[in-house]
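Q: heads up, no residue letters with this:
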């Protein structure tokens, strides 16, 4: 076993604290990664506080992991020592179902194995990237292109792929008008990637202070969702809406901003259901869809795309000792746009 | 003006009663139709009782109209006297917007002109098919193929096209598994058309008594939605769900019956919104969509398709004097599957 240091939530009510645990030995197909950086995702907080149910404690969160290969198993061919690599939201899947075979492991019929708060085949809980090292099967490890910094690339492993995958799946491009709802960790990536795909991006936000950020990120338009006239002015404007907000809000208002045959894609997960009105969908053949992260092949494609277009996450790097304060700031929306933990700080 | 007899709701609280009114004179592009049959659609009841708001009274309902051409305007080329023709849910649209130009008049940006309870350009309210005759611009009139009976064809103009259009739009065919929710006027057409398209159709119903009907109509499977095990047995079974139910029900249960990338299409309109859970959509990239009737070109295609496949609606023909009793029976689900008024009965 490989002794590992991390920060864990011991219960759903506890703040994170130093925690020592063991990683498995490096098997023939495994890669041992020395973690240098890990992003803080809003879903880390949801899960550390068991807000979605099913959390496993003690829990070391973190699924936006970048590091360096320290050792590879005997049959590993994709990686060698000192390669810069990444790990995202899952570390295994059945590898046999149609979804796995086509590279959509996130929709694995048996369920993907989450990077943390999952239960591995041997019954052991998985532990995430707020830690010094991790052992992962090579299939679930990504190459980090040299053009990307480690800290700026870490959030791409969740926030980046979560927005890139639906934009690509629905073929959103040059001749589309896209609204991005919410300008946080996910939203700011959606603006950058949408713009790089040639799309006209409008940011819809509750916060007036985000207007300058939206302009700086390259948005074409900005509108305040706190103002009722926004929902009149932008009626039937968009081909697609990417909704990144994880606080409860009224979907029907947004559906009315779609053209006929338009699609609103949910990637944020409010913890309460929303009242859905059928008429706005029916009268213009509109759709509401959901999307979750992306497959391994698509995640590598996204990293290469971001490298080519000089896209990284806007980040604030912190030592791990500030993780609990960072959680509070995420909940207040007080971060532009992602915290990344420097794992060099762990003692 | 052309004096016309019909049955109307004088207010939202009233039952229907005999009513005399005037149709416009036949203009150069118009067709005067002697109505022989008109189906009773559940939405006639919603609108006669102003349950969706915006109803115009007095209201002669009816938008599943079949009859014979009595007279044509000076420039009409599509029709001649004695042709058997139909009129569906709308009788005009802007004819200039992209939706109208591509033949999707039901999504006209200016709004389609409803066959009844609409307001025409001259300010006059439109009046529907529970009447002796109607004057309609030739573009909005359909040919009834000779293989179809007038009474059995009437419900195709709404129930038929409402189910045909989404099945065709989403390309539902031989290699798909389709669930039809609700076996009423819309649902029984969806089973017939889905089967004719080569699709494996499962009927989901609250009523055990519908099982034999489902089998007779050619359904592959039948499941009771009142039994919780249905939602376990059929989990992730379907590529598409066509939801024809207009009573409030839990969409989330049905979304879980979709495969990854599956679509649930709403064509029934409950009068209350439903609580939507985002996770069932997100975790399998599923979609909820809406669809309303179909365009004129597509409606003609549907009529021709039904003639070729010997598809008519299952009907019970009534004289117009029984219309109020028929409304009560529709609300009780006591009809297999559509009432059609014989307008020869009007005095």
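A: Received it, and whenever you're ready, just let me know what you need. Quick caveat, the model's predicted, so the values are computed rather than measured. Numbering: from 1, shown residues only, chains lettered A, B, ... in the order given.
Q: from here on, contacts and neighbour counts on C-alpha atoms
A: OK.
Q: can you count the residues close to the closest residue to residue A:340 other than its chain neighbours?
A: Nearest residue to residue A:340 in three dimensions, chain neighbours excluded: residue A:39, at 4.1 Å (Cα to Cα, 6 or more residues apart in numbering or on different chains). Neighbourhood size, residue A:39 [other Cα atoms under 10 Å in any protein chain shown]: 33.
Q: Next: residue A:171.
A: The burial count for residue A:171: 11, using other Cα under 10 Å.
Q: Could you report the separation of it from chain B?
A: Per Cα to the nearest Cα, to the nearest Å, residue A:171 is found 15 Å from chain B.
Q: contacting residues for that residue?
A: By Cα atoms under 8 Å, 6 or more residues apart in numbering or on different chains, the contact list for residue A:171 is empty.
Q: Can I take it that it is in a helix?
A: No. Under DSSP: H, G, I helix; E, B strand; the rest coil, residue A:171 sits outside any helix and is assigned coil.
Q: Ramachandran coordinates for it?
A: phi 60, psi 40 (degrees, to the nearest 10).
Q: For it, give me the pLDDT.
A: Predicted confidence (pLDDT) at residue A:171: the value is 97.
Q: ok so, going back, any idea how far the residue nearest to residue A:340 is from residue A:166?
A: 21 Å (Cα to Cα, to the nearest Å).
Q: Equivalent analysis for residue A:253, please.
A: Distance from residue A:253 to residue A:166, by Cα to Cα: 21 Å.
Q: name the element residue A:340 belongs to?
A: In this assignment (DSSP states H and E), residue A:340 forms part of strand A:338-342.
Q: what lines up beside that strand in the sheet?
A: strand A:30-39 (antiparallel), strand A:315-319 (parallel) (DSSP bridges).
Q: Pull the residues that contact that strand.
A: A:36-41, A:130, A:151, A:154-155, A:184-185, A:313-320, A:323, A:326.
Q: The strand or helix carrying residue A:213: which residues count as buried?
A: In this assignment (DSSP H and E), residue A:213 forms part of helix A:210-217. Buried residues in helix A:210-217, counting neighbours by 16 or more other Cα atoms under 10 Å in any protein chain shown, are found at A:210, A:211, A:214, A:217.
Q: Would you format those residues as TSV with distance to chain B and pLDDT included?
A: Formatted as TSV, the buried residues of helix A:210-217 follow (distance: Cα to the nearest Cα, whole Å; pLDDT from 0 to 100):
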residue	distance to chain B	pLDDT
A:210	26	96
A:211	28	97
A:214	26	97
A:217	27	96
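Q: before we move on, the earlier item: most tightly surrounded among the strands paired with strand A:338-342?
A: strand A:30-39 (a mean of 27; mean count of other Cα atoms under 10 Å in any protein chain shown).
Q: Can you check the pLDDT for the residue of the stretch 1-150 of chain A found nearest chain B?
A: The nearest approach of the stretch 1-150 of chain A to chain B comes at residue A:107, 5.9 Å away (Cα to the nearest Cα). Here, the pLDDT recorded for residue A:107 equals 97.
Q: neighbours around the closest residue in space to residue A:290 that isn't next to it in sequence, how many?
A: Take residue A:290 and drop its neighbours on the chain: the residue closest to it by Cα to Cα, 6+ apart is residue B:282, 3.7 Å away. For residue B:282, the neighbour count with other Cα under 10 Å is 23.
Q: what about residue B:282, distance to residue A:292?
A: Taking Cα to Cα, one finds residue B:282 at 6 Å from residue A:292.
Q: shared neighbours, those two?
A: Joint contacts of residue B:282 and residue A:292 (Cα under 8 Å, 6+ apart) are residue A:267.
Q: can you give me the strands in the stretch 51-200 of chain A?
A: Assigned by DSSP state E, counting those that start in this stretch, the stretch 51-200 of chain A shows strands spanning A:65-72, A:84-87, A:90-92, A:113-114, A:133-137, A:142-143, A:177-181, A:200-205.
Q: possible to save these as TSV with mean neighbour count and mean pLDDT?
A: TSV is the format used below for the strands of the stretch 51-200 of chain A (neighbours: other Cα atoms under 10 Å in any protein chain shown; pLDDT from 0 to 100):
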stretch	mean neighbour count	mean pLDDT
strand A:65-72	25	98
strand A:84-87	26	98
strand A:90-92	23	98
strand A:113-114	22	98
strand A:133-137	23	98
strand A:142-143	20	98
strand A:177-181	27	98
strand A:200-205	24	98
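Q: can I get the ones you listed in CSV with distance to chain B?
A: As requested, those are exported to CSV (distance: least, Cα to the nearest Cα, whole Å):
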stretch, distance to chain B
strand A:65-72, 22
strand A:84-87, 20
strand A:90-92, 13
strand A:113-114, 13
strand A:133-137, 23
strand A:142-143, 22
strand A:177-181, 15
strand A:200-205, 20
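Q: quick one: contacts for the residue lying farthest from the centre of chain A?
A: In chain A, counting by Cα atoms, centre = their mean, residue A:283 sits farthest out from the average C-alpha position, at 33.1 Å. Listed by Cα under 8 Å, 6+ apart, the contact set of residue A:283 reads B:107, B:290, B:291, B:292.
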